[in-house]
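Provided below for reference: sequence and predicted model.
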Number of protein chains: 4
Amino acid sequence: MIKHSNYGKSRVRLAKVEREGETHSFRELNVHIQFTGDYDECYVSGDNSRILPTDTMKNTVYTLAGKGPLGAIEEFGKRLCDHFLECNPHLRSVRVEIEEAQWSRLGKHSFQKGIEVRTASVIDGKSFHSGVKDLILLNTTDSSFEGYIRDQYTTLKEASDRILGTAVEAAWTYTAGGIDFDVVWHSVRARLVEVFVGHVSPSVQSTLYAMGEAVLAEFPMVEEISLSLPNKHCLLVNLAPFGMENPNEVFLPVDEPHGLIEATLSRGE
Amino acid sequence: MIKHSNYGKSRVRLAKVEREGETHSFRELNVHIQFTGDYDECYVSGDNSRILPTDTMKNTVYTLAGKGPLGAIEEFGKRLCDHFLECNPHLRSVRVEIEEAQWSRLGKHSFQKGIEVRTASVIDGKSFHSGVKDLILLNTTDSSFEGYIRDQYTTLKEASDRILGTAVEAAWTYTAGGIDFDVVWHSVRARLVEVFVGHVSPSVQSTLYAMGEAVLAEFPMVEEISLSLPNKHCLLVNLAPFGMENPNEVFLPVDEPHGLIEATLSRGE
Amino acid sequence: MIKHSNYGKSRVRLAKVEREGETHSFRELNVHIQFTGDYDECYVSGDNSRILPTDTMKNTVYTLAGKGPLGAIEEFGKRLCDHFLECNPHLRSVRVEIEEAQWSRLGKHSFQKGIEVRTASVIDGKSFHSGVKDLILLNTTDSSFEGYIRDQYTTLKEASDRILGTAVEAAWTYTAGGIDFDVVWHSVRARLVEVFVGHVSPSVQSTLYAMGEAVLAEFPMVEEISLSLPNKHCLLVNLAPFGMENPNEVFLPVDEPHGLIEATLSRGE
Amino acid sequence: MIKHSNYGKSRVRLAKVEREGETHSFRELNVHIQFTGDYDECYVSGDNSRILPTDTMKNTVYTLAGKGPLGAIEEFGKRLCDHFLECNPHLRSVRVEIEEAQWSRLGKHSFQKGIEVRTASVIDGKSFHSGVKDLILLNTTDSSFEGYIRDQYTTLKEASDRILGTAVEAAWTYTAGGIDFDVVWHSVRARLVEVFVGHVSPSVQSTLYAMGEAVLAEFPMVEEISLSLPNKHCLLVNLAPFGMENPNEVFLPVDEPHGLIEATLSRGE
């Protein structure tokens, strides 16, 4: 029995130049489309008559991108959803996920690519989720970790002043569409950064909560927010064997292992 | 309100040598641990008194690995679950995911690393899932794709004989523990490969279904199986501009975009 | 016969916090050390008595980082070279390569990581090379490619207005040490970007040359400069099958294949 | 002044199916082409009349691949060199590098991809270099590291029995062409593995030398061989804090930092 199935196209890359006189904009997207619906027959009998090829999904992305301005990725995702739902009788639900590279302007038609990625996912053209990933932040102080459980496997030393580094991945859900997604995205992202920078952190959990709570408190159109914060450890290097102290100055940054703290915050009690 | 939270340690790497006389075994694991439970207070108030540090989770992995034989990764995952559940009153559920590199034997104490990865996840020490990833398979014939929906965005040509290439990711759930995980894993993996090799494929969907069905049919201890098959396209190169035919010989393999076909098959009607 | 040999430690990661009152700096380095010298005997006879373990090289990096301010990576590289040359009689030449992540300041003790990497290599403490990589730049116009050779394998259409995208990797050599490496690095990097942004480009070769020439012309302390510019193609998508024009708006960015244009420019005729 | 320049196409991916009755072969290549020659004018004046577009290089790869059997990658590289040298008057030297994925046969037309990569570079169609990379080998014993230099920065403990793990990258040069590249490649690769497996190693340097010497001793057509052996450390985990011994059983494998031992061995005194 097929309990669940989905199929679609991933990593459809798209760049678009839009021109206002001599001033150009440059956008770079990576689009993922997944169909769920009445497709069991295709799996079981090999009958393809209900299948929209994933190659056609890709062509649709480019064609819709060519029709009028791209708009916010949430809006472009909605247009893709609407098109697919309208044209595919066997399609029950479509999910469009879009990642947008962040290019900063250097001139009228010149840009530099950044490390951050803006994300969106749109389900059936009516459920909107926005987010950010690869937002790599670090505080050199105002972070501690003390008072935790100690057992026979504990070797970690309590730290009253440690480095807190993370690569924020956040995604939030809107109560409805019809908002200015660009304005809200920039505001939410800025608030996340601001809270991280200002928080006096007793734990990653606490910082995560402060970030999420601030967004819920200040953005009524945000229904819930999920945050994933890897704890990118900077280990204090032991210089004692070389006759030196290390007053919280020299560290070994490691990618693995890493802590991973995740939570979804929503409104309500 | 915290709708959901989890925290833990990711990418805990572990290698173990076990010796039987001059013959050694070498195992390489990558362990991920996630706790879910009564931890809201830590997020909200910054009180760490319920938190087992992720560093201690890591130490626990090494210590349990040092006690007796490692066993199958499903069994090692169970031991980790059992330990954590027993020692952490606020822990409601623990998920241990383990990836094991596949090293093939070259001599009594010599090994070569392969590309495939064996996977397992164990929840609360009683729900067992095994799998494989990076199992990269390809058939040069016996694959077609015809009779699909055509619309105004269709450019794909029907193919009666195409290359079918994929990187199989599979995970299956056992009805219960207490089985010989190593024997079953090797048998299920072999069956997946065998079906892929022998299948005359009208679509990736159909091949996926045949692979999953064969496993359910032959392994009564498997309750359900999820398969994720990216369609790693090999595009036929157009040599006509150079006055040549291309009788299905010269291809351009691409990583992006790719189709992605996924389904979960279970027993029952 | 050993024609050449070298050995050393790679990927020694180091972070350092330096404090001036409440204002902290955060630096993140990745250090690579390679020794060349009178080490044939170690290879041939297995005699290790001349080998400084690579683990000790690593410890030396952390210890020297702990002694006083880090300074520019060129200076830190020199201190490492000087130490190793002084203490290792069999060492003939040492090469220290350092990559420094670019963290931008968000607050007194808060930082965000960027995508660019500053690089340096110092040979024997007296030959200094600085550079940059992952400097990803793009112009949406003022780039063409016409008038090239046409043969029986040509399908490329001449472009009078195309996108020019690249990930600049540059390294330049100083005529001598004793300069303010930080100031010069920022100035050279800025000049490279400025020329790229302003250049009306008939080819990647021409843009590369303009960038290199500008640096040689304006920075007398730079003896030569090497530039490596991958041509990160943005392919114009053909929308004609869908009844639409594509007036240089919708593109498919690809990572592979890519052109690769490289040159070293130096002073003199 | 342009001291040196080169330009070309990188990451030209190619797959080829060749059929003998029902038995198919599948080959997957990644081709890199670099031209050096009389191209200064293109850089300096923006005159493209001497430039063969890198897009045409790519087309040439596919066209030559379509003409007759592919042959060994060294031979295919030679055909590419010969073509380019014949047709490009301003080309002084061309370097073709090819990587070939290793697909193992599962059936008459079925294959599984492996982790190893076969490499070749051909210069001007007459200088031939073959190699291998991502050949990941490990011995659990017969490796020690003792008797090295000790200084004030030494913390490494002498090891009489350690794990030796590496990812072999090797490239060797032939005295001439006209040999059976496939047969020789497989023999040299097998010999490298055999020596690694059997060597009682006092250092990575010594193992590297033994591997290279064996190839030079047994393959008269090999003129010189370069080996690059990262020391992929497996660190012994300290279980003492948990009241346990660790008799060389539980290790932490790390990717960074790593030792890097490299040498080129050639014939002659």
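Cool, got the structure. The structure presented is a predicted model; accordingly, all values stated were derived computationally and were not measured.

CA atoms for contacts and neighbours, from now on please.
OK.

gap between the lengthiest strand in chain A and the chain center?
If you go by DSSP state E, chain A has its longest strand at strand A:2-20. Per Cα atoms, centre = their mean, to the nearest Å, the displacement of strand A:2-20 from the mean C-alpha position of its chain is 16 Å.

and if you look at stretch A:15-28?
24 Å.

now do stretch A:31-46
Per Cα atoms, centre = their mean, the centroid offset for stretch A:31-46 relative to its chain is 26 Å.

please identify the buried residues of it?
Buried residues in stretch A:31-46, counted by 16 or more other Cα atoms under 10 Å in any protein chain shown: A:31-40, A:42-44, A:46.

please flag which of the residues you listed sit within strands.
Filtering the buried residues of stretch A:31-46 for strands - DSSP E - leaves A:31-37.

okay, and for the stretch 101-250 of chain A, where does confidence drop off?
Applying pLDDT under 70 to the stretch 101-250 of chain A flags no residue at all.

same thing but at 90, please
Within the stretch 101-250 of chain A, the stretches with pLDDT under 90 are A:176-178.

before we move on, back to that, what residues of the longest strand of chain A count as buried?
A:2, A:5-18.

from those, which are also near chain C?
A:13-18 (Cα under 8 Å from any Cα of the partner chain).

shouldn't A:N30 be in contact with A:V96?
No: using Cα atoms under 8 Å, A:N30 makes no contact with A:V96, being 10.5 Å away.

okay, the two: which has more neighbours?
Remark: of A:N30 and A:V96, A:V96 carries more neighbours, 26 against 18, as counted by other Cα atoms under 10 Å in any protein chain shown.

contacting residues for that one?
A:31-34, A:77-78, A:80-81, A:121-123 (Cα atoms under 8 Å, 6 or more residues apart in numbering or on different chains).

same thing but 6 Å
A:V96 makes contact with A:32-33, A:77, A:121-122 under the criterion Cα atoms under 6 Å, 6 or more residues apart in numbering or on different chains.

same question for A:F251.
Per Cα under 6 Å, 6+ apart, neighbours of A:F251: A:234-237, C:14-15.

and the one helix or strand it maps to, how far from the chain's centre?
For A:F251, the enclosing helix or strand under DSSP states H and E is strand A:250-253. Its chain's C-alpha centre and that of strand A:250-253 lie 28 Å apart, by Cα atoms, centre = their mean.

sheet partners, orientation included, of that strand?
Using DSSP bridges, strand A:250-253 pairs in its sheet with strand A:234-236 (antiparallel), strand C:2-20 (antiparallel).

out of these, nearest to C:T54?
Among the strands paired with strand A:250-253, the nearest to C:T54 by Cα to Cα is strand C:2-20 (5.2 Å).

identify all contacting residues around that closest one.
Against strand C:2-20 from outside (Cα under 6 Å, 6+ apart): A:249-252, C:24-36, C:54, D:256-265.

how about 7 Å then?
A:249-253, C:24-36, C:40, C:54, C:57-58, D:256-266 (Cα atoms under 7 Å, 6 or more residues apart in numbering or on different chains).

then stretch A:33-40?
A:2, A:5-10, A:50, A:90-97.

out of those residues, flag the one nearest to chain C.
Lowest distance from chain C to those (Cα to the nearest Cα) belongs to A:S10, with 14.1 Å.

quick one, grab the pLDDT at the closest residue to that closest one other than its chain neighbours.
Distance criterion Cα to Cα, 6 or more residues apart in numbering or on different chains; nearest residue to A:S10, sequence neighbours excluded, is A:H32 at 4.3 Å. As predicted, A:H32 sits at a pLDDT of 98.

same question for A:E269.
Model confidence at A:E269 (pLDDT) stands at 64.

got it, and A:G68?
89.

quick one, strands of chain A?
Counting by DSSP E, the strands of chain A are A:2-20, A:23-37, A:91-107, A:110-123, A:127-139, A:164-174, A:222-231, A:234-236, A:250-253, A:258-266.

and the nearest residue to A:S228 once chain neighbours are set aside, how far from B:V31?
Using Cα to Cα, 6+ apart and skipping the chain neighbours, the partner closest in space to A:S228 is A:E262 (4.4 Å). Using Cα to Cα, to the nearest Å, A:E262 is found at 18 Å from B:V31.

so which bits of the longest helix anywhere in chain A are buried?
Ranked by residue count, the top helix of chain A under DSSP state H comes out as helix A:181-198. The neighbour-count check on helix A:181-198 (16+ other Cα under 10 Å) flags A:181, A:185, A:188-189, A:191-197 as buried.

likewise stretch A:257-267?
Neighbour-count burial for stretch A:257-267 [16+ other Cα under 10 Å]: A:257-266.

just to revisit the earlier point, could I get the ones next to chain C among the buried residues of strand A:2-20 as TSV with pLDDT?
Output for these, formatted as TSV (pLDDT from 0 to 100):
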residue	pLDDT
A:R13	98
A:L14	98
A:A15	98
A:K16	98
A:V17	98
A:E18	97
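
A:D161 contacts A:S144, correct?
Yes: contact criterion Cα atoms under 7 Å: A:D161 and A:S144 qualify, at 5.0 Å.

related to what we said a few turns ago, of the ones next to chain C among the buried residues of strand A:2-20, which is the nearest to chain B?
A:R13 (7.3 Å).

distance of that closest one from D:N30?
22 Å.

then A:S45?
38 Å.

same question, A:H109
34 Å.

ok, A:E75 next?
A:E75 is 39 Å from D:N30, by Cα to Cα.

next one: A:T155
48 Å.

which residues touch the nearest residue to A:W185 once chain neighbours are set aside?
Of all residues not flanking A:W185 in the chain, A:S130 sits nearest, at 7.2 Å (Cα to Cα, 6+ apart). By Cα under 7 Å, 6+ apart, the contact set of A:S130 is A:119-121, A:171-173.

swap in A:S49?
B:147-149 are the contacts of A:S49 under Cα under 7 Å, 6+ apart.

CA atoms only: put stretch A:63-72 into PDB for me.
Output in PDB follows, covering the C-alpha atoms of stretch A:63-72 (Å, rounded to 0.1, in the frame of the first residue of the first chain):
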ATOM      1  CA  THR A  63       8.000  30.800 -18.200                       C
ATOM      2  CA  LEU A  64       6.200  32.300 -15.200                       C
ATOM      3  CA  ALA A  65       9.500  34.100 -14.300                       C
ATOM      4  CA  GLY A  66       9.400  35.700 -17.700                       C
ATOM      5  CA  LYS A  67       5.900  37.000 -17.300                       C
ATOM      6  CA  GLY A  68       6.000  40.300 -15.500                       C
ATOM      7  CA  PRO A  69       8.000  41.200 -12.400                       C
ATOM      8  CA  LEU A  70       9.200  38.400 -10.200                       C
ATOM      9  CA  GLY A  71       8.000  39.900  -7.000                       C
ATOM     10  CA  ALA A  72       8.900  38.500  -3.600                       C
END
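
list of residues touching that stretch?
Counting by Cα under 7 Å, 6+ apart, residues outside stretch A:63-72 touching it are A:76, A:181-182, C:239, C:250.
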